[in-house]
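Trainee: Take a look and give me a structure for this.
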Amino acid sequence: MAAYRLVAPAGSFDVWPAGMRDELATNAMSPIVGSTLVSETDKVRVWHLLIAAGTRCSFHRHVLDYFWTCHTHGQARGYYEDGSITDTTHFPGDTKHMHYAKGEHLLHAVANIGTTDLLFTTVEFLQSANAALPVPDAVRLKVVA
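Mentor: This next block holds a predicted model:
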């Protein structure tokens, strides 16, 4: 099971890496919750998220109910819209379910602070309290026939 640790409380923007607050503002409405949208139906969106060791996924907004599952072991650092920072040790099979009431959301970025790549699958439920944010075609899986 994932082990979480609070590194910095809300309001800790002064310890964030340079330029990260600007990135938060720029991506405040980003629906890109993974590296690639691999499947979509009228009920779900399925994403793969690969965060290579030493890299970070950009800020993105969760508005739909969803769950994620981690497929690898590794270390992650979460940066949240309120300025807080958490560190998490992930293990293969870690799964977390999230639910958002009307008007609620989560805006965050995840950095891989370990030495192994992190791979996640995220499943968003389109029939949630909030409307889905539109996803750009650039992140959809390209199928070659």
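Trainee: contacts, neighbours, all on C-alpha from now
Mentor: Fine.
Trainee: Can you give me the buried ones in stretch 102-116?
Mentor: Buried residues in stretch 102-116, counting neighbours by 16 or more other C-alpha atoms under 10 Å, are found at Leu106, Leu107, His108, Ala109, Val110, Ala111, Asn112, Ile113, Gly114.
Trainee: Sorry, wrong one. I was asking about stretch 44-56.
Mentor: For stretch 44-56, by 16+ other C-alpha under 10 Å, it's Val44, Arg45, Val46, Trp47, His48, Leu49, Leu50, Ile51, Ala52, Ala53, Arg56.
Trainee: Check stretch 25-35 too.
Mentor: Residues of stretch 25-35 classed as buried by neighbour count (16+ other C-alpha under 10 Å): Asn27, Ala28, Ser30, Pro31, Ile32, Val33, Gly34, Ser35.
Trainee: residues contacting the closest residue to the last one other than its chain neighbours?
Mentor: What it means is Ser35. Among residues not flanking Ser35 along the chain, Leu49 sits closest, at 4.6 Å (C-alpha to C-alpha, 6 or more residues apart in numbering). Shown in contact with Leu49 (C-alpha atoms under 8 Å, 6 or more residues apart in numbering): Val33, Gly34, Ser35, Thr36, Leu118, Leu119, Phe120, Thr121, Thr122.
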